[in-house]
Every structure is written in C-alpha cells, then in structure tokens.
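Visitor: Here's a sequence, model it:
(one chain, ligands or ions: 2)
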Amino acid sequence: MRIVNAELHQVELPLRSAFRTSFGHEVTHALGLLRIETEDAVGWGECVAPALPHYSSEYLGAELDVIERHLLPLIGERELRAATIAEDLHRIRGHRMAKSCVETAVLDAELRGRGDSLSTELGGVRERVPCGVSVGIQPSIGELLDIVAGYLAAGYLRIKLKIEPGWDLEPVAAVREKFGPDLILQADANAAYELSDLPHLRRLDRHEMIMLEQPLASDELLGHAELAAAMTTPICLDESITSARAALTALRLGACSVINIKPGRVGGYLESRRIHDLCRSWGVQVWCGGMLESGIGRAANLALASLPGFTLPNDISATERYYERDLTEPFTIADGQMAVPTGPGIGIDPDPAALADFTVRTSTIR
Ligand code: OSB
Ligand code: MG
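Guide: Ligands and ions are numbered 1, 2, ... in the order given. Below you'll find the model as predicted:
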C-alpha cells in the first residue's frame, strides 16, 4: 500500500457548552483530520491535539506541522503497512498525537481495503461499550448538580468530575450526597495538585469514588506511588502514561491501579492495545479516555473500548453531549451503552457538508 494523496484539515467544532478543566477552558474544539488515499482505499485519522499546549506539550498547530513536514515525508514514497508505521516514524521524538493520527489513517485505509473492522482487527469482543461522562468545572454547585442530573437521566453509567484546588471536596461531596452511594463516581485533576496536598486529597477517600485520575504532574510517578499507598481511593493515570513502557514503569512503582488509555496520548491504537495487554496480564482494569473527539476519533475509540480489558465505563459520550452537529452522523447511547461500529476500518465517514462547514484550513500534501 502506498499513499497517493493526503489532505490535512484543521477543524473547529463549536461545543454545546464550554468545557472547563484545571488547565483551561474550551468553547470551540479544535482538531485535525487527516485523509489519505492509497491505490485501493481512503483512510481517516483524527489528531486530538488541543489548540493550546495545556494538557501536554502537544498542540494542534505544532502537530499538524509535524504531520506535514516530518511524518508524511518519512512514509510518503514507500510501500506501507500499518503494523510498521510506528517503526517508520521512530526517528521523530515525541509528537505522539501526530503519530497516532497518521497511523490511524493508514490502518483505516488498510482495513477498508481488506473489508475488516478496526474492532475485529484489534481483538474486540464487545458489540456495545459502557459510557461515562466527563463533567467540567462549573460556576456553582447548583449548576453542577443540575448538569449531573441531566446526564444521569440520559443514561450515563458513571460520572467523572473535573476538579482543581478550590473545586474538589465540595463538588464531590455534593454529588455523592445528592445522587447516593450507588452512583459510580470518579474525579480527574489533570495534574493540578502537589504531593504536599496529600492530607487534603485523603479527605476525598470518604466519598468512595472508584478512582482519582492524575492528581499530580505527569512525571511525578514516585509521588503518585506515595499517594496511592496513602489513599483508599484507587489512583488512575492519564497524562503520565505515554507508552506501554511508561505503563509498565507506573505499575511496577505502584503509581496507579487503573489506567486511562487514550490513543492520541500513547501514539496510536496499536500501542494502546499493547498497554491493554500489559494491564490485562497485571490484572489492572483499563478504560478509554477521550479528548472531546469528533465522530471520527470516537468511532475508533469505540473499537478500542471493545477489547476485553476495558472493563470500566469509558469517556465516550453521545454527540449531543459535545456538539450540536458532529463531523459524522450522530452517535447516541441506549441504556448507557454505545454501539461499536462494524463497517470496514473505523466504520464511519465524515459528512462532506459538515467537513466543509467546520474546516478552517486545508493543506493538500501531494
Ligand atoms: O483529562 O480526560 C481528560 C478532555 C480534554 C483533555 C483531557 C481530558 C478530557 C476529558 C473529556 O476529560 C473526555 C471526553 O472526551 O468526553
Ligand atoms: Mg484525564
């Protein structure tokens, strides 16, 4: 398989409501979309790098530049296989969100050429996956409770609250109190705390959350191990886990007992599967994280979440949780679950009209 043409779109999708985390505030969601064409199929990959380098050092402008100037030239002229793309791109350090986008587009084209779905290719065993929802930091506890009530009415199986210093004990306590002990609850700090906050974070234990995600800095593995030993709430890592190697290090150190797998963050779906396999061999539960993906990225995440080790509810929510209008046909949930696409490759295409309406810049690469 050879790439005969590539097109890179910079897209801006208006969010239905602003999404606030400990690291920033988004009103419009920026994303990249790579379309490659080979002799026998088209493939799509979403670049999940955010507009600004606040979640990690990666950001969309940089990742699109890396895709265009550094990644595609390395694979452009040659015979390709998705399984060896990571090796082909190995000389470029980091930029995993860019690499994931390229590898996914190649994998999608390869699978469409063969007629196999991404879920089948990865070893998926589920037709539907359990959905959770990530709730941003709100202006008041009252608004938070209303929003959570709405998501529970929509059927979401677990609630994840974004927290930060000053918005932690109170919202978690209020949600626990209002919705009761059966609510499956977790919190995500996006690295907003220091190890010296340990006594404060321990006060979350009484609320019996199923996990606390990424309380400390991404390179603070020893601190996470110390926190994990001192808290009853399981620690989950997101930002820290950039590869299967990082996952093994974290597990050996006892820095976490749960892992959130995000394909963009780890360089693609094949590395994601390696982390899944590693966690399974350790008896560690995983779930699929989200980056407010459009339908293109969400379709691929559904395939990943269909693997057997994804035993916890995922940050995979319906289109209407994010967008008035998606780049694809809308994704919906029923009984808290979302169907895994079954068509070839990622199993869905962008709607050309939506793509035209939301694309702010396109470059044609060859
Ligand atoms: O830390 O999980 C995170 C969104 C953007 C960046 C980081 C995170 C998130 C989310 C949203 O929590 C999850 C989703 O896509 O629904
Ligand atoms: Mg997170």
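Visitor: Look at the residue of the stretch 51-200 of the chain found nearest ligand 1 and give its secondary structure.
Guide: Scanning the stretch 51-200 of the chain for proximity to ligand 1 using Cβ to the nearest ligand atom identifies Ser134 as nearest, at 3.6 Å. Placement of C-beta: from N, CA and C, glycine included. Three-state call for Ser134 (DSSP: H, G, I helix; E, B strand; the rest coil): strand.
Visitor: Go ahead and flag the most central residue of this protein.
Guide: For the chain, the residue sitting closest to the mean C-alpha position, by Cα atoms, centre = their mean, is Gly290 at 2.7 Å.
Visitor: What sits closest to that residue if chain neighbours are left out?
Guide: Leaving aside its chain neighbours, Gly290 sits nearest to Asp315 (3.6 Å; criterion: Cβ to Cβ, 6 or more residues apart in numbering).
Visitor: My guess is the one you found contacts Cys288. True?
Guide: Yes: at 6.8 Å, Asp315 counts as touching Cys288 under the criterion of Cβ atoms under 8 Å.
Visitor: Which neighbours do those two have in common?
Guide: By the contact definition Cβ atoms under 8 Å, 6 or more residues apart in numbering, Asp315 and Cys288 are jointly contacted by Asn260.
Visitor: if you count what's nearby, which of the two comes out ahead?
Guide: Shown here are Asp315 and Cys288; by other Cβ atoms under 10 Å, Cys288 has more neighbours (27 against 24).
Visitor: Tell me how far the more buried one lies from Ser306.
Guide: In this structure, Cys288 lies at 9 Å from Ser306, with Cβ to Cβ, to the nearest Å as the measure.
Visitor: between these two, what contacts are shared?
Guide: Counting by Cβ under 8 Å, 6+ apart, the residues touching both Cys288 and Ser306 are Val129.
Visitor: is it true that the residue nearest to the centre of the chain touches Arg321?
Guide: No: Gly290 lies out of contact with Arg321 (Cβ under 8 Å); the separation is 10.0 Å.
Visitor: Three-state assignment for the closest residue to ligand 1 within the stretch 251-366 of the chain, please.
Guide: Going by Cβ to the nearest ligand atom, ligand 1 is nearest to Gly290 of the stretch 251-366 of the chain, at 2.3 Å. Classification of Gly290 by three-state DSSP places it in coil.
Visitor: give me phi/psi at the residue nearest to Gly290?
Guide: In this entry, Asp315 is assigned phi and psi values of phi -80, psi 60 (degrees, to the nearest 10).
Visitor: check contacts around it.
Guide: In this structure, Asp315 makes contact with 132-134, 160, 260, 287-290, judged by Cβ under 8 Å, 6+ apart.
Visitor: again with Leu185
Guide: Leu185 is in contact with 158-161, 172, 175-176, 179, 207-210, counting by Cβ under 8 Å, 6+ apart.
Visitor: For ligand 2, see how far away it is.
Guide: When distance is defined by Cβ to the ion, to the nearest Å, Leu185 is 15 Å away from ligand 2.
Visitor: which residues touch Ser17?
Guide: Under the criterion of Cβ under 8 Å, 6+ apart, the contact partners of Ser17 comprise Gly136.
Visitor: Run the chain-centre distance for the helix or strand where it lies.
Guide: Ser17 is part of strand 3-20, with elements assigned from DSSP states H and E. What separates the centre of strand 3-20 from the centre of its chain is 15 Å, taken as Cα atoms, centre = their mean, to the nearest Å.
Visitor: anything in that strand sitting right up against ligand 2?
Guide: No: among the residues of strand 3-20, none lie within reach of ligand 2 under Cβ under 5 Å from the ion; the closest is 12.2 Å away.
Visitor: Pull out the buried positions in that strand.
Guide: With burial defined by 16 or more other Cβ atoms under 10 Å, the residues of strand 3-20 counted as buried are 3, 6-11, 13, 15, 19-20.
Visitor: Then stretch 141-158?
Guide: Along stretch 141-158, these residues count as buried under the neighbour rule (16+ other Cβ under 10 Å): 144-145, 147-148, 151-152, 154, 156-158.
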